[in-house]
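after the sequence you'll find the predicted model.
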Amino acid sequence: MALGGGGGGSGDAGSGGGGGGAAAKTIALNTGDAMTITVGAGGAGVNSGSAAGDGGDTTVAVNGITVVAGGGRGAQGGSAGAGGVS
């Protein structure tokens, strides 16, 4: 299971950041398999009238398989950010 970082919110009313995407996949593991996990950071929030930061993607890679959960988009001025895609 992988969860992307959420987007940052803005100080404008009703402009929260989008939630991070979620991804899941069953992968067979053996003793000694190496797994690489990169956790996406949440986006930075901002004061009114500015664009907030996007959340980062989270990736899990093992045995040649990579699962990606997209980060949410940051709020843009008075508009809420979109959710992440996986």
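Thanks, I have the structure now.

what's the neighbour count on the closest residue to Val85 other than its chain neighbours?
In this structure, Val85 finds its nearest non-sequential neighbour in Gly70, 4.4 Å apart by CB to CB, 6 or more residues apart in numbering. Using the backbone N, CA and C atoms, a C-beta is placed for each residue, glycine as well. When neighbours are defined as other CB atoms under 10 Å, Gly70 has 24 of them.

ok, now Thr38?
12.

which residues does it contact?
Residues near Thr38 by CB atoms under 8 Å, 6 or more residues apart in numbering: 57-59.

neighbour count added to the residues you listed, as CSV?
CSV is the format used below for these (neighbours: other CB atoms under 10 Å):
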residue, neighbour count
Asp57, 22
Thr58, 26
Thr59, 17
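
show me what the closest residue in space to Thr36 that isn't next to it in sequence is bridged to.
Leaving aside its sequence neighbours, Thr36 sits nearest to Ala61 (CB to CB, 6+ apart; 4.5 Å). Judged by DSSP bridges, the bridge partners of Ala61 are Thr36, Thr66.
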